[in-house]
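Trainee: quick one, what's the 3D model for this:
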Amino acid sequence: MKEHAERSLGLPLPTAPDTPALQRKLSSVGVLLLTLSSLSPVFSIFGVGSDVLQHAGTGAVGLFLLAFGVAVIYAVVYAELGSAFPYAGGDYVGVGTILGGGAGVVVLALWAVSTGPSIAFEAKLVGIYVDELVPALPAWAVTFGALAAAMAISLMAARVGALVTGIFLAVELVAVCVLSAGGLWHPTLGLHAVIAHPLAINASGALGPVALGTLAVGAVSAACGTIGGAQAIYFGEELADPHRQMGRVVLMAGLIGAVTIVVPVIAVVLGAPHLREVLASPAPLATFISQIAGPWAARALSAAVALAIFNAMIAQIMSQSRLFFSLGRDAVFHGAINQILAKVDRVSGVPRAATLVVVALSAPCCLLATHTLLVFLAGLLVYAWGLVCIAVLVGRSKDLTAKAGYWRSALFPLAPILGLAMAACFAIADWDDPSAGRPSLIIMGATAILAALWYQLVLKRRPGGWMPRLGESGACD
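Mentor: Have a look, this model is predicted:
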């Protein structure tokens, strides 16, 4: 009865002597580097940024400025939740403690189901960019080779992983600076003009006004590509003094990531010597670099993109292995499965079994088409983000967030309320996309229903019920 009461109140449970423990060896800088690597500014610029430029044209400037505001809201909400619940399970721990175990299991299932497809998507993109540099290499060999190399680095101690990703991130940020400087050094267009009168390539191949509907879809894409910072929470049990530091890390990662994504996209539009050619190109960023520095620079930037995506894979595998570690430690499954997932290597402090499981789930997904993988990702944010915003709203009323020593957002409850409006906009945009967005909403909705049933029929019926465990791995308090 005492344990059930502690669970229902969200209090830390006693830690058994043999409880698997992650090691608190990461500094706030290390967590920040891992988070920015997972966010991968260059990947967002060349991926989402290129897509928005192709469809919205110069309207991308206004859309990415709007996306910056969205990124601030996202980071503020996650900073408050992460400061109160800095655990390896990520946002499901906070959502589950505040809104109940059922809501936590839903969020957990959504992230778990998307793990394999998201990592596989990045692995396949590495193959695409390497093919531009070395066409003779088989795409499948590059894809699976990148996955294996990322796994090998992820199995090392967390501090080693943070160091490796930090080095790769430095190369990535150099590429960001090159793009930004190249566009802003000699701008050919004014900021006010491109915001007030957005132009894009029309059906006849000329520059013309952009339709309002195209701008609306582009706004959602720009926002999804710019937001970040929540990945830091997965490393909460390896961060020293997490309640005090996590909020700042999440906020810094979100803001730095947003700036390094938004500024280069705007710079390309303002500084393109031949704007029509850039907007008409299937690879607008590469075309821009070719215009200002020649083809060799474009190839060098493609190499930087491949490295950036590989770096994001490493950080993604590391963060998702912590999520699967929590699956085992919180006994979401039964017996042997939980024991395997919850193992922590005593020397490295890494959940190696969970890391291998994450890679094992990702490998077969690499055999699927890129578009199919997107179907598993497009609608994820709608459900998980909506529950996070609700949890932050309710958390204040229950005195579970924003305590003394925790990070707390200003102007509360503005950020979570705006976040719920964002989730509604994402849902509408996804539903209007019959190719990937709508199927993703359906698949993720079905996942949420199955997760809720698993909680009701299995987890809730256990003696004492089920709630996310707090206080393990060296305790956060």
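Trainee: residues near the nearest residue to Ala297 once chain neighbours are set aside, how many?
Mentor: Closest residue to Ala297 apart from its sequence neighbours, by C-beta to C-beta, 6 or more residues apart in numbering: Ile289 at 5.0 Å. Any C-beta I mention is one placed from the backbone N, CA and C, and that applies to glycine too. Using other C-beta atoms under 10 Å, Ile289 has 25 neighbouring residues.
Trainee: and Ile289, backbone torsions?
Mentor: For Ile289, the backbone dihedrals are phi -60, psi -40 (criterion: degrees, to the nearest 10).
Trainee: check contacts around it.
Mentor: Residues near Ile289 by C-beta atoms under 8 Å, 6 or more residues apart in numbering: Val178, Leu179, Gly182, Ala297, Ala298, Leu301.
Trainee: now do 6 Å
Mentor: Residues near Ile289 by C-beta atoms under 6 Å, 6 or more residues apart in numbering: Ala297, Ala298, Leu301.
Trainee: Gly90 touches Ala232, doesn't it?
Mentor: No. When contacts are counted by C-beta atoms under 6 Å, Gly90 is not listed as touching Ala232 (9.4 Å).
Trainee: more neighbours: the two, which one.
Mentor: Per other C-beta under 10 Å, whichever of Gly90 and Ala232 has more neighbours is Ala232, with 35 against 30.
Trainee: flag the shaky bits of the stretch 351-477 of the chain, pLDDT-wise.
Mentor: Filtered on pLDDT under 70, the stretch 351-477 of the chain yields the residue ranges 471-477.
Trainee: how about a cut-off of 50?
Mentor: Applying pLDDT under 50 to the stretch 351-477 of the chain picks out residues 472-477.
Trainee: could you pull out the helices for the stretch 151-300 of the chain?
Mentor: Listed in chain order, the helices of the stretch 151-300 of the chain (DSSP state H, counting those that start in this stretch) span 158-184, 191-196, 212-226, 242-271, 275-280, 284-293, 295-329.
Trainee: make a markdown table from those helices and add mean pLDDT and distance to Ala415 to it.
Mentor: Output for the helices of the stretch 151-300 of the chain, formatted as a markdown table (pLDDT from 0 to 100; distance: least, C-beta to C-beta, whole Å):
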| stretch | mean pLDDT | distance to Ala415 |
| --- | --- | --- |
| helix 158-184 | 88 | 27 |
| helix 191-196 | 86 | 25 |
| helix 212-226 | 86 | 15 |
| helix 242-271 | 94 | 11 |
| helix 275-280 | 88 | 34 |
| helix 284-293 | 85 | 32 |
| helix 295-329 | 88 | 23 |
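Trainee: now do the strands in the stretch 51-200 of the chain.
Mentor: Counting by DSSP state E, counting those that start in this stretch, one finds strands in the stretch 51-200 of the chain at the ranges 199-201.
Trainee: actually the stretch 301-450 of the chain, not the one I typed
Mentor: In the stretch 301-450 of the chain, no strands are defined using DSSP E, counting those that start in this stretch.
Trainee: off-centre distance for stretch 194-210?
Mentor: Taking C-alpha atoms, centre = their mean, to the nearest Å, the mean C-alpha location of stretch 194-210 is offset from the chain mean by 31 Å.
Trainee: what residues sit buried inside it?
Mentor: For stretch 194-210, the neighbour count (16 or more other C-beta atoms under 10 Å) marks Val194, Pro198, Leu199, Ala200, Ile201, Leu207, Val210 as buried.
Trainee: could you list the residues in contact with it?
Mentor: So stretch 194-210 is contacted by Ala56, Gly57, Thr58, Gly59, Val61, Gly62, Val269, Arg276, Leu279, Ala280 (C-beta under 6 Å, 6+ apart).
Trainee: first vs last residue of that stretch, how far apart are they?
Mentor: Taking C-alpha to C-alpha, to the nearest Å, stretch 194-210 runs 11 Å from one end to the other.
Trainee: rewinding a little: from Gly94, how far out is the residue nearest to Ala297?
Mentor: Here Ile289 is placed at a distance of 42 Å from Gly94 (C-beta to C-beta, to the nearest Å).
Trainee: same check on Leu189?
Mentor: In terms of C-beta to C-beta, Leu189 sits 44 Å off from Gly94.
Trainee: more neighbours, those two?
Mentor: Each of Leu189 and Gly94 has its neighbours counted (other C-beta under 10 Å); Gly94 has more, 32 against 16.
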